[in-house]
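> Quick check, what structure comes out for this input:
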Amino acid sequence: MNSTTQYYNQNAQQFFDSTVDVEMQSLYQTFLPLLPHNARILDAGCGSGRDSQAFLQRGYSVDAFDASSKLVTLARQLTGCAVSQSTFMDFTAQPNSYDGIWACASLLHVPESELKATFIHLSQFLKSSGLFYCSFKLGEQEVERNGRFFCDLTARKLHQMVSSTQVLTVASHWETRDVRAGRENEKWLNAILKKRV
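The predicted structure is shown next:
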């Protein structure tokens, strides 16, 4: 178990409480209309289960996983779904089975040297032309903050990374400010990737 997963296991309830009610509507409105009606979504690194619950309430079919056993328990309680415990690289499913992958503030815990392989691994579960939302803290450093590892990315670096996978392209990217109280100065890089046909 790495230090980041250990952090989430030790601080699961606090993390859950601080994120479960965060307003995400603008991100949902950017991603969900691009998906087919009743799409099947994979919530990769689901954390509290907040987004899985929102997708379920909107009529989507959702599978979710997280590396933290404690967060998996809390996400199961919130959503009523069989959230699985897995890392990104250990996750398995039927290939080409999801219309969309949602990785909100989760892939940012993957070292840059492992990101390409992680994108390639997860994209095999996307249908042809499927969409992949991801978000990272905006920046150029890899750093440990309060017991968690973070890989910050710029748009240029994300484009280079995604292009190198040869299976995904960047359909769009945009910046947002953190919506949590006291973090308004933190910027996020958001992107919607598309699986090549």
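
> Quick one: neighbours of residue 77, just the number.
12 (other CB atoms under 10 Å). Glycine gets a C-beta too; all of them are placed from N, C-alpha and C.

> Tell me the pLDDT of it.
Predicted confidence (pLDDT) for residue 77: 98.

> Over to residue 178?
pLDDT for residue 178: 74.

> Output the longest strand belonging to the protein.
When the chain is parsed with DSSP state E, its longest strand is strand 126-137.

> What is the subsequent helix or strand relative to it?
Next along the chain after strand 126-137, taking DSSP states H and E as the criterion, comes strand 142-145.

> Which helix or strand contains the nearest residue to residue 147 once chain neighbours are set aside?
Nearest residue to residue 147, sequence neighbours excluded (CB to CB, 6 or more residues apart in numbering): residue 7, at 4.2 Å. Residue 7 belongs to helix 3-10 when elements are defined using DSSP H and E.

> which outside residues touch stretch 53-70?
Contacts to stretch 53-70, defined as CB atoms under 8 Å, 6 or more residues apart in numbering, come from residues 4-5, 8-9, 12-13, 24, 28, 32, 35, 38-47, 49, 52, 72, 75, 78-79, 81, 83-88, 91, 93, 98, 102, 106.

> What's the separation between the residue most central in space within the chain and residue 37?
Central residue of the chain (CA atoms, centre = their mean): residue 103, 1.3 Å from the mean position. Separation of residue 103 from residue 37 (CB to CB, to the nearest Å) stands at 22 Å.

> Compute the number of surrounding residues for residue 89.
12.

> got the contact list for it?
Counting by CB under 8 Å, 6+ apart, residue 89 touches 114, 117, 118, 121.

> Next, give phi and psi for the last one.
Okay, so that is residue 121. Dihedral angles of residue 121 (phi, psi; degrees, to the nearest 10) stand at phi -60, psi -50.

> returning to that earlier point: output the contacting helices and strands for the helix holding residue 7.
Using 3 or more CB pairs under 8 Å, 6 or more residues apart in numbering; DSSP states H and E as the contact test, the elements touching helix 3-10 are helix 69-79, strand 148-151.

> now the first one and helix 3-10, what's the angle there?
Pointing back at helix 69-79 there. On the basis of axes from the mean of the first three to the mean of the last three CA atoms, to 10 degrees, helix 69-79 is oriented at 50 degrees to helix 3-10.

> What ranges does the chain have for its strands?
Taking DSSP E as the test, the strands found in the chain are 40-44, 61-66, 84-85, 98-103, 126-137, 142-145, 148-151, 168-177, 187-195.

> Note down every partner strand of the last one and its orientation.
The reference is to strand 187-195. Paired with strand 187-195 in the same sheet, following DSSP bridges, are strand 126-137 (antiparallel), strand 168-177 (antiparallel).

> helices and strands around the helix or strand of the chain with the lowest mean pLDDT, which ones?
Least confident helix or strand, the chain: strand 142-145 with a mean of 92, by mean pLDDT, DSSP states H and E. With contacts taken as 3+ CB pairs under 8 Å, 6+ apart, strand 142-145 sits against strand 148-151.

> still on that earlier bit, could the strands paired with strand 187-195 go into TSV alongside mean neighbour count?
Listed next are those as TSV, based on neighbours: other CB atoms under 10 Å:
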stretch	mean neighbour count
strand 126-137	20
strand 168-177	15
